[in-house]
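Participant: Quick one: sequence and predicted model below, then my questions.
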Amino acid sequence: MTRVIHTGDTHLGYQQYHEPERREDFLSSFRQVVEDAVAEDVDAVVHAGDLFHDRRPGLPDIMGTLSVLRDLDAADIPFLAIVGNHEAKREAQWLDLYESLGLATRLGSEPVTVGNTAFYGLDFVARSQRGDLDYDFEPHDAEHAALVSHGLFQPFDHGDWDAEELLSAAPVEFDAMLLGDDHEPKRTQVGSTWVTYCGSTERASASERADRGYNLVTFEEGVDIRRRGLPTREFVFVDVELGDGEGYERVRERVEQYDLSEAVVIVTITGEGEPITPAEIETVALDAGALVARVNDRREIEDTGDVSVSFADPDDAVSERIRELGLSPAARDLDETIRASKVADSKVADVIEDRVAEFVAEADEGAFASAPESSEQTDEAATDDTGGADGDGADGTSSDDGSGSTQGDAGAGDGQATMEEYL
């Protein structure tokens, strides 16, 4: 029997909301995972990528991680890991540093056997590079095998990488795929293989409302996957639907119903009602002891043409705006290269030039076409007396945090970003 903790998306070094305490929270959650591993006397801790939030972590983050891994090593529990998209560098990875110190094992095509299970690794691979992958996993003689990888896989929602195709192409028969990248825990079976996400260990986005945790996976007669929760900083979500004539007093009343001490408070306002000044509500929460307070007013602004922007979570705001642009597949590919920190800054220009040249050489007109309009929007455009497409939207792709698509502007001359504008 082999029992492992399957964790990932620890995003160490993320100073969320620019608060030093949040940066410490991410390290504390990772430390708690290791403490649980020692207490449970598991056979290994398996990390499915995004150990760090950025490919340039600060020295305190590097040293803090070193301290936690030393505790794991002192308990004689191996740390098996791969590289995710957030932390990936052009050359050597931070994971290689810890491996050189004897504190980690970077999984790859050669099996690493722990107990009765062989573990393999597949680092994050950008969509543009997946067609050239050789799944050259070497054979093993263990009772079970597991592949650890990072990416958004089908058949889960928003997946852009087909798990079934990967499993069919691999020369090794895997009992489980232990995945990272989606911050929500999920599991399903693809044929006889269990495919599971462990979820993140801290809330990296205001959209991540569920409790955080990890998986405890046992390989014996089959594969047993159990969910374990983690104590994290309290997030208080205050959802207020305002009626006609309601405003600040109603929102304040709702906020004051909660214990906000040292919590991250996210206030979301919907419905009708009077205009709200976010700073006033944030002050109410901060005066009640909140660490962070953010107000997200989702009500539509009518007859002004203004764009409603929420800074309740800057990462979500950027991802949402990218989806709303209705970018072409080529533009989304370039955005992934530029914005998601997968390429060193000094190499970005060269890599983008190569990618554009590849698109042109492939002569795929679809790569430069804007995202398709939804059927609902198409119907609205068809009934427009002018025959125009003002306000038509486009379905976007899922972001790294696994959120769903939204609708935005599309069509030449009405907000659609061209390739020239994007570059």
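Facilitator: Now that the structure is in, tell me what you want to look at.

Participant: mind listing what the nearest residue to Val4 once chain neighbours are set aside touches?
Facilitator: Distances taken as Cβ to Cβ, 6 or more residues apart in numbering place Ala44 nearest to Val4, at 4.6 Å, with adjacent residues excluded. Where you see a C-beta, it was placed from the backbone N, CA and C, and this is true even at glycine. Contacts for Ala44 (Cβ atoms under 8 Å, 6 or more residues apart in numbering) come out as 2, 4-5, 77-80, 114, 119.

Participant: at 7 Å what do you get?
Facilitator: Ala44 makes contact with 4, 77-78, 80, 114 under the criterion Cβ atoms under 7 Å, 6 or more residues apart in numbering.

Participant: Likewise for Arg233?
Facilitator: Counting by Cβ under 7 Å, 6+ apart, Arg233 makes contact with 25, 264.

Participant: so where's this protein uncertain?
Facilitator: For the chain, residues meeting the criterion pLDDT under 70 lie at 300-326, 329, 333, 336-351, 353-355, 357-423.

Participant: what's the next secondary structure element after the helix ranked longest in it?
Facilitator: Secondary structure of the chain read by DSSP state H shows that its longest helix is helix 20-40. Elements were assigned by DSSP states H and E; along the chain past helix 20-40, the next helix or strand is strand 44-47.

Participant: Keeping just the C-alphas, turn that following strand into PDB.
Facilitator: Coordinates of the C-alpha atoms in strand 44-47 are reproduced here as PDB (Å, rounded to 0.1, in the frame of the first residue of the first chain):
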ATOM      1  CA  ALA A  44       5.300  11.000   0.000                       C
ATOM      2  CA  VAL A  45       4.000  14.400  -0.700                       C
ATOM      3  CA  VAL A  46       3.200  14.900  -4.400                       C
ATOM      4  CA  HIS A  47       3.000  18.500  -5.600                       C
END
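
Participant: Who does that strand pair with, and is each partner parallel or antiparallel?
Facilitator: strand 2-7 (parallel), strand 79-81 (parallel) (DSSP bridges).

Participant: a markdown table for those strands, including mean neighbour count and distance to Ser168?
Facilitator: Converted to a markdown table, these look like this (neighbours: other Cβ atoms under 10 Å; distance: least, Cβ to Cβ, whole Å):
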| stretch | mean neighbour count | distance to Ser168 |
| --- | --- | --- |
| strand 2-7 | 25 | 23 |
| strand 79-81 | 24 | 25 |
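
Participant: out of these, which comes closest to Thr201?
Facilitator: Nearest to Thr201 among the strands paired with strand 44-47 is strand 2-7; the distance by Cβ to Cβ comes to 6.3 Å.

Participant: And for the helix or strand where Asn215 lies, what's in contact with it?
Facilitator: Secondary structure from DSSP H and E places Asn215 in strand 213-219. Strand 213-219 has contacts (Cβ under 7 Å, 6+ apart) with 1-7, 33, 116-117, 144, 175-176, 178, 185, 196, 198-199, 201, 223-230.

Participant: Would you give the sheet partners of it, along with the direction of each?
Facilitator: strand 2-7 (antiparallel), strand 223-229 (antiparallel).

Participant: tell me the angle that strand makes with helix 20-40.
Facilitator: With axes from the mean of the first three to the mean of the last three Cα atoms, to 10 degrees as the basis, strand 213-219 and helix 20-40 are set at 20 degrees to each other.

Participant: In TSV, list the strands paired with strand 213-219 along with distance to Pro155.
Facilitator: Formatted as TSV, the strands paired with strand 213-219 follow (distance: least, Cβ to Cβ, whole Å):
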stretch	distance to Pro155
strand 2-7	19
strand 223-229	17
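
Participant: looking at the ones you listed, which is closest to Trp161?
Facilitator: Proximity to Trp161, assessed across the strands paired with strand 213-219 by Cβ to Cβ, is greatest for strand 2-7 (18.5 Å).

Participant: Not counting its own residues, what contacts the closest one?
Facilitator: 33, 36-37, 42-48, 114-117, 178, 198, 201, 214-219.
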